[in-house]
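S.K.: 3D, please:
(one chain, ligands or ions: 1)
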Amino acid sequence: MSDDHGNGYDQARWTDGDRYVPLLSEKNSREVAVETPLPDDLTRDSLELPDVSEPELARHYTRLSQMNYGIESGPFPLGSCTMKYNPSFTEDIAAAADGAVHPDRDGETVQGTLELYAQLQEYLADIGGMDAVTLQPPAGAAGEFTGVLVAQAYHEHNGDNKSEIVIPDSAHGTNFASAAMAGFDVVELPSGEDGRVDLDALEAALSDDTALLMLTNPNTLGLFERDIVEIAEMVHDVGGLLYYDGANLNALLGRARPGDMGFDIMHYNVHKTFATPHGGGGPGAGPVGVSEDLERFLPTPHVRATEDGYERYEPENSIGKVHGFHGNWLVLAKTAAYISRLGDEGLVDASAKAVLNANYLAEQLDYEVPFGPFHHEFVASATQDAADVAKRMLDYGVHPPTTKWPEIVDEALMTEPTEGENKRALDQLAAAFNAVADEDEETLESAPERTAARRIDQVSAARDPQLSWQTLDEE
Ligand SMILES: *Cc1c(COP(=O)(O)O)cnc(C)c1O
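M.R.: The predicted model follows:
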């Protein structure tokens, strides 16, 4: 394939005929005696541990990493996810930020930690145009849920009984889930013909029952909601609040602020906008910003500056805790490091390049790309099955885009190159997209060919996952 297109590559595989990757302990292991003060019935006598040299260890994990695809392998244009490269200097900062500080320590003995914490609250408030920010929620979705609880507490505090949350049909599934989890009824807002909020439809959806309108701006088609000021007025006129889903904040960094548009609550996906790792189930962070009137409802503990330092406190009408202590502190330290390294100019530069890259790439594709011009992402429409297109793109050495969402575009390929890719990488991406556009159904349906794992049965992977090598071994 590399001969044909100059950009294909084979992922590493194990070639010794094993059904799965050998474990380190299968290579060489030894029994180690276990001595512990625990009761006998809770312990074993010995433990089998891998017994390998450092080079063997390094090769094992390097090989495993080569059987996978990551942002360090090539472009990763997964739309809405903002898969930007995570610069490694932030890891050094996180290591230096001292993860060993016990969260129960007296505030006076951890002033440096609290200062960095307060500093990040301020950075984020400034970037979003918000008055206060909690760093506690552990993901964007958890931030949404926190924001919805804050809105609920606010309305209850005012004696208003509001039962509905309005959400556009192009919104992320977590918006619907967050609203429902907090006990609200969801009113779905159909998109207008130009892919944006339709003001007549909004008028019809709003009522005295409206607690919140949740919006992404630019929306999931990469389109800016030009009527946002009017939208905010309409929501506020019925006594509702406006929530900003921050997943697409990368498009606006340093240029426009949700707070200035009339949003009252927002979350920040730090793993999208501020280059912290995309968990993979690991620790993440989804801070939430609010306007002044809502600060008193934020989770506890919150951190603020005092005359001679920093302190933790419980906001007056706090909704309680949404995570232990101060959230995932080391992820937050990386966020602070990234923002301060970029500075004001760097943030403006990031959004400029993110938007330029999306529009350049959209122009290169042999696919229909409805709507546009775009902000940081666009949604192309495939003539073939979008999931097959995605699988086949892996054979060309690039990660595919997000597929089949938003549903308002047929066979959607939602694509977000991010500011991190240069022209060569964008051209490589375009070549992969366009090569696949010309291929027949049979090729697409049997793809991928060049990856370590071929086509995976996604339904059983989701419903009947084998999470341990032992279950696989027993079969
Ligand atoms: C990623 C995303 C979310 C959820 O954020 P997580 O941090 O993954 O929980 C919400 N809305 C949109 C539009 C997103 O892209």
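S.K.: contacting residues for the residue of the stretch 1-150 of the chain found nearest the ligand?
M.R.: Closest to the ligand within the stretch 1-150 of the chain is G140: 2.4 Å, counting by CB to the nearest ligand atom. Glycine gets a C-beta too; all of them are placed from N, C-alpha and C. If a contact means CB atoms under 8 Å, 6 or more residues apart in numbering, then G140 has 174, 245-247, 267-269, 272, 284, 286 as its contacts.
S.K.: equivalent analysis for R392, please.
M.R.: Here R392 is in contact with 436, 439, 443-444, 447-448 (criterion: CB under 8 Å, 6+ apart).
S.K.: are any of those buried, and which?
M.R.: Among these, those buried by neighbour count (16 or more other CB atoms under 10 Å) are 436, 444, 447-448.
S.K.: tabulate the residues you listed in TSV, adding columns for pLDDT, secondary structure and distance to G192.
M.R.: Converted to TSV, those look like this (pLDDT from 0 to 100; DSSP: H, G, I helix; E, B strand; the rest coil; distance: CB to CB, whole Å):
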residue	pLDDT	secondary structure	distance to G192
V436	97	helix	31
L444	96	helix	33
A447	95	coil	36
P448	93	coil	37
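S.K.: N86: which of these is nearest?
M.R.: The shortest approach to N86 among the buried ones among the contacts of R392 belongs to P448, at 25.0 Å (CB to CB).
S.K.: ok, and the closest non-adjacent residue to the closest one?
M.R.: L394 (4.2 Å; CB to CB, 6 or more residues apart in numbering).
S.K.: now the residue of the stretch 1-150 of the chain closest to the ligand: phi and psi?
M.R.: phi -60, psi -50 (degrees, to the nearest 10).
S.K.: N161 versus that one, what's the distance?
M.R.: According to CB to CB, to the nearest Å, G140 stands 28 Å off from N161.
S.K.: same question for P287.
M.R.: P287 sits 29 Å away from N161, taking CB to CB as the criterion.
S.K.: do the same with K391
M.R.: In terms of CB to CB, K391 sits 49 Å off from N161.
S.K.: ok, the two, which is more surrounded?
M.R.: Shown here are K391 and N161; by other CB atoms under 10 Å, K391 has more neighbours (22 against 10).
S.K.: name the element the more buried one belongs to?
M.R.: helix 386-393 (DSSP states H and E).
S.K.: backbone dihedrals for the nearest residue to M261 once chain neighbours are set aside, please?
M.R.: Spatial nearest neighbour of M261, excluding adjacent residues (CB to CB, 6+ apart): I228 at 4.6 Å. Torsion angles at I228 (phi, psi; degrees, to the nearest 10) stand at phi -60, psi -40.
S.K.: neighbours around I228, how many?
M.R.: For I228, using other CB under 10 Å, the count is 21.
S.K.: which residues touch it?
M.R.: Counting by CB under 8 Å, 6+ apart, I228 makes contact with 215, 217, 261-262.
S.K.: try D208
M.R.: So D208 contacts 162, 238-239 (CB under 8 Å, 6+ apart).
S.K.: and which of those residues is nearest the ligand?
M.R.: When those are compared against the ligand (criterion: CB to the nearest ligand atom), the nearest one is K162, at 22.4 Å.
S.K.: one step back: ok, and which of the contacts of G140 reach the ligand?
M.R.: For the ligand, the contacts drawn from the contacts of G140 by CB under 6 Å from any ligand atom are 174, 245, 247, 269, 284, 286.
S.K.: okay, and which of the contacts of G140 map to strands?
M.R.: Here DSSP state E is the test, and these give 245, 267 as lying in strands.
S.K.: and I339, how far is that from the ligand?
M.R.: Here the criterion is CB to the nearest ligand atom, to the nearest Å. By it, I339 lies 17 Å from the ligand.
S.K.: and R341, its phi and psi?
M.R.: Per degrees, to the nearest 10, the backbone of R341 is at phi -70, psi -40.
S.K.: same question, P417
M.R.: Per degrees, to the nearest 10, the backbone of P417 is at phi -70, psi -20.
S.K.: do the same with R312
M.R.: Torsion angles, degrees, to the nearest 10, at R312: phi -90, psi 150.
S.K.: identify the residue spatially nearest to it, adjacent ones excluded.
M.R.: That would be P301: by CB to CB, 6+ apart, it lies 4.0 Å from R312.
S.K.: ramachandran coordinates for the one you found?
M.R.: According to degrees, to the nearest 10, P301 has phi -80, psi 150.
S.K.: from G107, how far off is it?
M.R.: 9 Å.
S.K.: between the two, which contacts overlap?
M.R.: R312.
S.K.: so E31: helix, strand or coil?
M.R.: strand (DSSP: H, G, I helix; E, B strand; the rest coil).
S.K.: contacts only, for it.
M.R.: 46-48.
S.K.: residues touching R304, list them.
M.R.: R304 neighbours (CB under 8 Å, 6+ apart): 118, 310-311, 313.
S.K.: closest to R455 among those?
M.R.: Distances from R455 to the contacts of R304, taken by CB to CB, are shortest for A118, at 49.3 Å.
S.K.: host element of that closest one?
M.R.: Here A118 is assigned to helix 111-128, by DSSP H and E.
S.K.: who touches whatever helix or strand comes next after that helix?
M.R.: Downstream of helix 111-128, the first helix or strand assigned by DSSP H and E is strand 132-134. Applying CB under 8 Å, 6+ apart, the contact partners of strand 132-134 are 120-122, 124-125, 146, 268, 287-290, 292, 294-295, 298-299, 302.
S.K.: what average pLDDT does strand 132-134 get?
M.R.: Average pLDDT, strand 132-134: 98.
S.K.: ok, it: who's next to it in the sheet?
M.R.: strand 288-290 (antiparallel) (DSSP bridges).
S.K.: tell me the average confidence for the partner strand?
M.R.: For strand 288-290, the per-residue pLDDT averages 98.
S.K.: residues in contact with stretch 54-74?
M.R.: 11-13, 21, 24, 27, 50, 52, 76, 83-86, 394, 397-399, 420, 425, 428, 451-453.
S.K.: what subset of those is buried?
M.R.: Here, 16+ other CB under 10 Å leaves 11, 24, 52, 76, 83-84, 86, 394, 397-399, 420, 425, 428, 451-452 buried among those.
S.K.: so which of those sit within helices?
M.R.: If you go by DSSP state H, the buried ones among the contacts of stretch 54-74 have 24, 425, 428 in helices.
S.K.: got those residues as JSON lines, with distance to L330 columns?
M.R.: Shown next, in JSON lines, are these (distance: CB to CB, whole Å):
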{"residue": "L24", "distance to L330": "26"}
{"residue": "A425", "distance to L330": "29"}
{"residue": "Q428", "distance to L330": "33"}
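S.K.: thanks a lot, catch you later.
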